[in-house]
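**Q** 3D, please:
(one chain, ligands or ions: 1)
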Amino acid sequence: MAYTVPKLKSFTPAALDKAAEKLLAVLKEEAQGVTSEADRKAFRDRWIGRKNGVLTEINDLWLKAAPKDAKREVGQRVNELRAAVMATVENARTGVTIAPAPAVAKVGAVLGSVSVSLDITLPGIRRPLGSEHPVIKTMHEIVSVFRNLGYSVEEGPVIETDYYNFEALNFPPNHPARDTQDTLFIARQESKPQRDRLLLRTHTSPVQIRTMEKMKPPVRIVIPGKVHRNDPPDASHSPMFHQVEGLAVDANITFCDLKGTLDHAMKALFGSSVKTSFRPSFFPFTEPSAEMMVSCFICGGSGKRGPEPCRPCKQTGWIEILGCGMVDPNVYGFVDYDPKKVSGFAFGMGADRIAILKYGVDDIQLFFIGDVRFLEQFG
Ligand code: DAH
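**A** Predicted coordinates for the structure are as follows:
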């Protein structure tokens with residue numbers, strides 16, 4: 001490393017040319033000597049290192065030291081040299097020599113010393129291709145089953161008001177049903193009326209209300225989205241998870257339509273041999289309400305896998321998959337629908353849970369910690 005940036009005795013164009021030419025020749029020679037990552041770092045530090053790098057030195061020894069009337073000329077040269085140095089360091093970084101940037105070409109033209117070329121025979125840089133996240137993939141699959149039935153897709157905000165998340169869904173203030181859906185509340189909202197206070201939505205059901213407010217029946221929608229609850233994380237719970245919601249409202253929709261639609265959807269998702277079964281449940285915004293089970297597609301409904309008990313269905317042969325029901329007439333009151341003229345059904349399912357079952361994943365946390373060794377398996 002014999003070269004050190006010299007102090008200039010003269011700042012005439014000819015003297016500047018000579019000094020620049022020498023510097024570029026050294027730059028080129030040293031760039032050719034870069035063969036390893038360690039060389040590359042040393043090369044970079046020597047030329048663009050902030051403290052004693054060559055660029056800093058030419059700035060100090062050439063530009064700062066130049067007499068006033070030569071400053072302009074020297075400044076221009078220094079800028080050109082800087083561009084040449086940066087481009088060369090950058091090339092050393094990628095291992096590919098690229099076509100000269102205009103400033104480099106200029107220095108090259110003036111001084112005839114930098115040769116930059118593009119070797120198109122070198123292999124390109126391979127960037128690993130990402131793949132769809134398993135939960136998003138599952139949501140897309142569910143949504144597409146309903147799109148094929150003529151449903152359209154709606155989305156709504158994750159930060160929601162108390163009104164849409166609870167009140168308009170027939171959870172009155174202080175109603176105990178709210179306890180099952182505790183969530184994060186946005187701070188310092190006390191001055192607002194309760195209905196306007198913001199929280200992270202606990203389910204995708206508020207989008208039912210938002211859609212019915214803006215659309216007259218008939219309505220047939222699916223709503224994929226992210227939701228939050230105050231659930232401590234464990235193998236089957238996460239404070240953030242995903243749901244796909246559905247709503248169909250029209251004249252004369254009955255519980256039979258609900259059963260037929262959901263039975264079809266489960267067969268489309270899990271295979272035509274699965275069976276469905278409904279048992280009574282409670283949700284404030286549906287009446288009657290039900291939980292739907294599908295026969296376990298892992299053990300075929302037997303509750304056993306060979307001699308082993310089937311864990312996903314807890315040996316019952318059935319897996320609880322979603323909540324559903326006929327839209328409660330009270331809900332129509334919040335959106336100006338006439339409950340005497342329309343009826344409808346709604347349902348909501350956890351996409352993460354379905355992905356867990358589909359892919360045989362044993363911990364929901366794996367979906368969210370971002371370990372590519374896990375995610376790569378779904379490519
Ligand atoms: N929102 C409910 C929950 O998160 C799920 C649900 C149940 C949605 C019944 C519905 C429904 O649309 O009709 O627990």
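**Q** for the ligand, what are the nearby residues on the stretch 151-300 of the chain?
**A** Where the stretch 151-300 of the chain comes near the ligand, counting by CB under 6 Å from any ligand atom, the residues are 203, 205, 245, 283, 286. Where you see a C-beta, it was placed from the backbone N, CA and C, and this is true even at glycine.
**Q** Between these, identify the one with the most neighbours.
**A** Among these, residue 205 has the most neighbours (other CB atoms under 10 Å), with 29 neighbours.
**Q** Show me the strands in the stretch 151-300 of the chain, by range?
**A** Here the stretch 151-300 of the chain has its strands, by DSSP state E, counting those that start in this stretch, at 152-153, 159-161, 198-200, 219-228, 240-250, 276-283, 286-295.
**Q** Just send the ones you listed back as JSON lines, with mean pLDDT too.
**A** Supplementary listing: the strands of the stretch 151-300 of the chain in JSON lines, determined by pLDDT from 0 to 100:
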{"stretch": "strand 152-153", "mean pLDDT": "98"}
{"stretch": "strand 159-161", "mean pLDDT": "98"}
{"stretch": "strand 198-200", "mean pLDDT": "97"}
{"stretch": "strand 219-228", "mean pLDDT": "98"}
{"stretch": "strand 240-250", "mean pLDDT": "98"}
{"stretch": "strand 276-283", "mean pLDDT": "98"}
{"stretch": "strand 286-295", "mean pLDDT": "98"}
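**Q** For residue 3, which of those strands is the nearest?
**A** strand 240-250 (57.2 Å; CB to CB).
**Q** Buried residues, that closest one. List them.
**A** Buried residues in strand 240-250, counted by 16 or more other CB atoms under 10 Å: 240, 241, 242, 243, 244, 245, 246, 247, 248, 249.
**Q** Check stretch 79-89 too.
**A** By 16+ other CB under 10 Å, the buried positions in stretch 79-89 come out as 80, 81, 82, 83, 84, 85, 86, 87, 88, 89.
**Q** ok, which pair from the residues you listed is furthest apart?
**A** The farthest-apart pair in those, when distances are taken by CB to CB, is 80 and 89, at 15.1 Å.
**Q** For stretch 171-191, what is the distance to the chain centroid?
**A** Between the centre of stretch 171-191 and the centre of its chain there are 28 Å (CA atoms, centre = their mean, to the nearest Å).
**Q** same deal with stretch 42-55?
**A** That offset, for stretch 42-55, works out to 38 Å (CA atoms, centre = their mean).
**Q** How about that stretch, which residues are buried there?
**A** 42, 43, 44, 46, 47, 48, 53, 54, 55.
**Q** Quick check: of those residues, which lies closest to the ligand?
**A** residue 44 (54.1 Å; CB to the nearest ligand atom).
**Q** Would you mind giving the secondary structure of that closest one?
**A** Secondary structure state of residue 44, per DSSP: H, G, I helix; E, B strand; the rest coil, is helix.
**Q** separation between the closest residue to it other than its chain neighbours and residue 159?
**A** Residue nearest to residue 44 in three dimensions, not counting chain neighbours: residue 89, with 5.3 Å by CB to CB, 6 or more residues apart in numbering. Computed with CB to CB, to the nearest Å, the distance linking residue 89 and residue 159 is 45 Å.
**Q** And residue 187, by the same measure?
**A** Going from residue 187 to residue 159 by CB to CB gives 12 Å.
**Q** Name the residue of the stretch 101-250 of the chain with the shortest distance to the ligand.
**A** Of all residues in the stretch 101-250 of the chain, residue 203 sits closest to the ligand, at 3.4 Å by CB to the nearest ligand atom.
**Q** and that residue, what does it touch?
**A** 165, 181, 227, 243, 245, 348 (CB atoms under 8 Å, 6 or more residues apart in numbering).
**Q** Tell me which two of those sit farthest apart.
**A** Within those, 181 and 245 form the most distant pair, 14.0 Å apart (CB to CB).
**Q** shaky segments in the protein?
**A** Within the chain, the segments meeting pLDDT under 70 span 1, 93-116.
**Q** Setting the sequence-adjacent residues aside, check what's closest to the most centrally placed residue in it.
**A** Nearest to the mean C-alpha position of the chain, by CA atoms, centre = their mean, lies residue 133 at 8.9 Å. Once flanking residues are discounted, residue 133 sits nearest to residue 375: 6.8 Å by CB to CB, 6+ apart.
**Q** all helices for the protein, in order.
**A** When secondary structure is read from DSSP state H, the chain shows helices at 13-32, 37-48, 54-57, 71-94, 102-111, 134-147, 162-165, 206-214, 255-270, 329-335, 351-359, 372-375.
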